[in-house]
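1. Fold the stuff below for me.
(one chain, ligands or ions: 1)
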Amino acid sequence: NFYDPMDCSLPGSSVCGISQAKILEHQVFRINVRNEDEISKLNQLMNSDNLKLDLWKSPSTLGHPADVLVPSFSLREVKSFLEDHGLEYSVTVEDLQTVLDSEDRKLQRNVRQELSSNCFNYGAYHTLEAIHKEMDFIVKSYPRLVSAVKIGHSFENRLMYVLKFSTGKGSRRPAIWLNAGLHAREWIAPATAIWIARKIACDYGRDLVITSILKKMDIFLLPVANPDGYVYTHTHNRLWRKTRSVNPGSTCIGTDPNRNWNSHFGGAGTSRDPCSDMYHGPHPHSEVEVKLVADFIAHHGDFKCFIDLHSYSQLVMYPYGYMTMRAGDADELDIVAQNAANAMASLSGTQYRVGSVGSTLYASSGNSVDWAYDNGIKYAFTFELRDTGFYAFTLPADQIIPTAQETWLGLKTIMEHVQNKI
Ligand SMILES: [Zn+2]
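-> Below you'll find the model as predicted:
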């Protein structure tokens, strides 16, 4: 579990040793961009192949900085570029490997504790295997409400495991799709999703809102939408983002599964370079993980709501992402998103910003919520969970439950609105 800037992702390749990675100090820079000129300077820097920079957070609307992971061997060059061009920056993570090592120690300690207690700790991060095992356990514990829906297998043949919450006894009802973990390194999203699975099961019959939603609608929840990528973040590279599919003609692995949906495929905010973290793939739904979800939803035919959980930045967003054009329902979606953000803030004050993907974050064509919206699912939202960049993708495990609790309030607000509108 280390960060390898060269990303030796070819099967059997092991030229970048763990010991080498450990003595280097990779850092995360927060770079301020105040105008178009500075954005183009930043792009120039990001496009230097030899620097191996990894864009953690794009500079969204002006005034919101970019976060960039700088490998140790590029530190000197990046600093002098930024200083020469007058770009303001600060170092937000001094030594990334120390942060990753500490996260890994906590994870290993939890594995031992769970082995001895035989009890899933919702306040810890888990392997795919442990998450799937807990999903089995939830199905077993609440057989009248929860069932396992296995929609297929990933590129590397891992299960795409969905939980279905239904009181409909087999009749097809209008439905809600909750998605998490499309981007492998965003660990807080699957951790939040599995907590929510348990919460829905537990609260049914106790909490008025969720009970009444489930009287009318089914909820489908996919906690790990990119299982191959997720496993890879545990075994090889904690900061892997994409799928793990092989790209013919390239040594680079994987496609960005949130640029691969059949909606303005290949447009702004995507890359045609298989080595890019925003590679859109050879064609829409080329990634089996994306295709399985898209086909399942299309075949079902009555999804009313689609929510995709990502991290980080603390945002609640709605379509479109392919450009700043307003969706036809933007006014209503904006109000719903704002209500969700208010509900989330009500628990412990965590502030979420609201807007369309394209205007709040950055252009991202071919993303999941644009596809959902274009396919008749009006209530399409994507969340960027905690935090705003202090811990970024390595959000400490002690923030899982607080994050999940506040996110649940936001999701419930949206689902209640959907229920009232259908
Ligand atoms: Zn993401």
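2. Quick one: list the elements packing against the strand or helix carrying residue 67.
-> Using DSSP states H and E, residue 67 falls within strand 66-70. If you count contacts as 3 or more CB pairs under 8 Å, 6 or more residues apart in numbering; DSSP states H and E, strand 66-70 packs onto strand 27-31, strand 54-57. Every residue, glycine included, has its C-beta placed from N, CA and C.
3. Tell me which of the ones you listed lies nearest to the ion.
-> Closest of the helices and strands packed on strand 66-70 to the ion is strand 54-57, at 10.3 Å (criterion: CB to the ion).
4. neighbouring contacts of that closest one?
-> The contact list for strand 54-57, computed with CB atoms under 8 Å, 6 or more residues apart in numbering, reads 5, 28, 46, 65-69, 239, 277, 312-313, 389, 392-393.
5. thinking again about what came up before, for the record, mean pLDDT for the strand holding residue 67?
-> Averaged across strand 66-70, the pLDDT comes to 95.
6. can you check stretch 114-127 too?
-> Rounded mean pLDDT across stretch 114-127 is 95.
7. Go through it and flag the buried ones.
-> Using 16 or more other CB atoms under 10 Å as the test for burial, stretch 114-127 gives 114, 120-122, 124-126.
8. One more: stretch 82-96?
-> 82, 87, 89, 92-93, 96.
9. and the end-to-end length of that stretch?
-> 20 Å (CA to CA, to the nearest Å).
10. residues contacting residue 178?
-> Residue 178 touches 193, 196, 219-222, 307, 309, 411, counting by CB under 8 Å, 6+ apart.
11. circling back to that earlier point, quick one: residues in contact with the strand holding residue 67.
-> Applying CB under 8 Å, 6+ apart, the contact partners of strand 66-70 are 3, 26-31, 33, 42, 46, 51, 53-59, 78, 92, 96, 239, 389, 392.
12. any idea of the mean pLDDT in the helix or strand following that strand?
-> Moving toward the C-terminus from strand 66-70, the next helix or strand (DSSP H and E) is helix 75-84. Helix 75-84 carries an average pLDDT of 96.
13. residue boundaries of the helices in this structure?
-> Under the criterion DSSP state H, helices of the chain are mapped to 18-23, 36-46, 75-84, 96-117, 128-141, 188-203, 208-216, 227-235, 288-300, 330-348, 357-360, 368-374, 400-421.
14. Identify whichever of these lies nearest to the ion.
-> Here helix 188-203 is closest among the helices of the chain (CB to the ion), at 7.5 Å.
15. Let me know the angle separating that closest one from helix 227-235.
-> In terms of direction (axes from the mean of the first three to the mean of the last three CA atoms, to 10 degrees), helix 188-203 departs from helix 227-235 by 110 degrees.
16. close to the ion, is helix 188-203?
-> No: figure legend: helix 188-203 not in contact with the ion (CB under 5 Å from the ion); closest approach 7.5 Å.
17. can you state the direction angle for that helix and helix 400-421?
-> 60 degrees.
18. In contact with the closest residue to residue 350 other than its chain neighbours, which residues?
-> Distances taken as CB to CB, 6 or more residues apart in numbering put residue 406 closest to residue 350, at 5.5 Å, once the chain neighbours are dropped. Listed by CB under 8 Å, 6+ apart, the contact partners of residue 406 are 344-345, 347-348, 350.
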